[in-house]
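1. using only what follows, build the 3D model:
(chains A and B)
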Amino acid sequence: MDRLSLALGSVLRSLLRRVDYTATYRARVIAARGAYVDVRCDEARVGDLVDVPLKLGIPGVAFTFDALGAVLIAFEAADPRRPYATLFDGGSFGTLTLMGEDGAAKSLARVGDVALAAWPNGMVLQATLTPPSGSPYPIAGAISINEPLVGVVAAGSGSVKG
Amino acid sequence: MSLERLKASLAKTVDALVGRRLDYLAFYEARVIAQNGDGSLELRAEDARVGDLSHVAIRLGIPGVTVVTTPGARVLVGFEGGDPQRPIASFWSAGGLKELRFGGAAGVARVGDPVQFTLPGAPIPITGVTPAGPFVGTLTIPPTPVKGKITTGSAKVKAG
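-> Residues are numbered from 1 along each chain as shown, chains lettered A, B, ... in the order given. Next up is the predicted model:
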């Protein structure tokens, strides 16, 4: 094999060893801050990356990590300066918020959750009271109940649970 | 020619041949201009080489879910099979959600949302005992809906 072939082989090998920035790489999440994570890639050539933005599979979703897991790292426009994290492997979330246009997010209610209401005004009792001795006599008057009316959510989605 | 110079020359040649071409295996940042009636998107990519894309299908991370997004939402655009004729929108930045449907159309309820109890409008038979003796009668509740609020909910999942 002549020297040119050896040199060409070396060049091609070095080119082929380059990171393919159209591929995805598994990485462990080391730290999380809002919509950004710091990660350590399993692939040493990619190495550690900081402040990598999360890109999620649904718009309007935000979450906090409870347990850090792993993600896949990809690169916008195959540009090594523009990594993003997506597609989770393990880990868990602390809170997950589906934020639409309706303003502040509130906790989802589920079957079994509690609802409270005040009894209406204007309740009227009409009855006949029978004393131990003597004749029955009518009683009547307005009734008010200060304790709230308590209900529970009795039905809900069969397919979405939380 | 030294090995380093050969490498540099070859790398330059490769870049000249393919470096400036759009890589249709990559994803590109884009802004939602509008959403069409069929759910597809009109997009404007940040990268001028990608430009404007019309009727781009949304690919979500969960099956059976549909979204209505808002103009200005940020999403990554890729190309199925590396085919420029088959753009897809996936991987969203925060924000941009107008409506999210998990198959059904009824809104989920949240803590603080109103609930309505319906109490019997007709007089309710009652019995009871007082210190003065037992009584029998009726309790009449005005036929107005009783309104309340949900007071407990998930500690982990919230919706706007």
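2. contact partners for B:Val108?
-> By Cβ atoms under 8 Å, 6 or more residues apart in numbering or on different chains, the contact set of B:Val108 is A:Leu108, A:Ala109, A:Ser157, A:Val160, B:Ala159. C-beta coordinates here come from the backbone N, C-alpha and C atoms, glycine included.
3. with respect to pLDDT, which of those ranks lowest?
-> Of all those, the one the model is least sure of by pLDDT is A:Val160, with 78.
4. B:Arg86 - nearest residue in space that isn't next to it in sequence?
-> The spatial neighbour of B:Arg86 that comes closest, neighbours along the chain excluded (Cβ to Cβ, 6 or more residues apart in numbering or on different chains), is B:Glu80 at 4.0 Å.
5. tally of neighbours for the one you found?
-> The local packing count at B:Glu80 equals 12, with neighbours defined by other Cβ atoms under 10 Å in any protein chain shown.
6. residues contacting it?
-> B:Glu80 neighbours (Cβ under 8 Å, 6+ apart): B:Arg86, B:Pro87, B:Ile88.
7. show the backbone phi and psi for it.
-> phi -60, psi 130 (degrees, to the nearest 10).
8. please apply the same query to the one 4 residues further on.
-> Listed backbone geometry of B:Pro84 is phi -60, psi -20, with angles given as degrees, to the nearest 10.
9. now do B:Phe135
-> With angles defined as degrees, to the nearest 10, B:Phe135 sits at phi -140, psi 160.
10. relative to A:Pro120, how far out is it?
-> Here the distance between B:Phe135 and A:Pro120 works out to 22 Å (Cβ to Cβ, to the nearest Å).
11. of those two, give the one with the bigger neighbour count.
-> Between B:Phe135 and A:Pro120, B:Phe135 has the larger neighbour count (other Cβ under 10 Å), namely 21 against 18.
12. A:Gln126 is in contact with that one, correct?
-> No - between B:Phe135 and A:Gln126 there is no contact, the gap being 9.9 Å when judged by Cβ atoms under 8 Å.
13. between the two, what contacts are shared?
-> Counting by Cβ under 8 Å, 6+ apart, the residues touching both B:Phe135 and A:Gln126 are A:Ile139.
14. and the strands in chain A?
-> A:25-33, A:36-41, A:48-53, A:61-67, A:70-75, A:83-89, A:92-98, A:106-107, A:114-117, A:123-129, A:137-143, A:149-152 (DSSP state E).
15. I'd like those laid out as TSV, including mean pLDDT, mean neighbour count and distance to B:Ala105.
-> Listed next are those as TSV, based on pLDDT from 0 to 100; neighbours: other Cβ atoms under 10 Å in any protein chain shown; distance: least, Cβ to Cβ, whole Å:
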stretch	mean pLDDT	mean neighbour count	distance to B:Ala105
strand A:25-33	96	17	34
strand A:36-41	97	19	35
strand A:48-53	97	16	32
strand A:61-67	91	16	20
strand A:70-75	95	22	33
strand A:83-89	93	20	28
strand A:92-98	91	16	16
strand A:106-107	93	20	20
strand A:114-117	95	19	22
strand A:123-129	93	16	37
strand A:137-143	93	11	41
strand A:149-152	92	14	24
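16. in CSV: those strands, plus distance to chain B.
-> Below are these laid out as CSV (distance: least, Cβ to the nearest Cβ, whole Å):
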stretch, distance to chain B
strand A:25-33, 13
strand A:36-41, 11
strand A:48-53, 7
strand A:61-67, 5
strand A:70-75, 7
strand A:83-89, 5
strand A:92-98, 4
strand A:106-107, 3
strand A:114-117, 3
strand A:123-129, 2
strand A:137-143, 6
strand A:149-152, 6
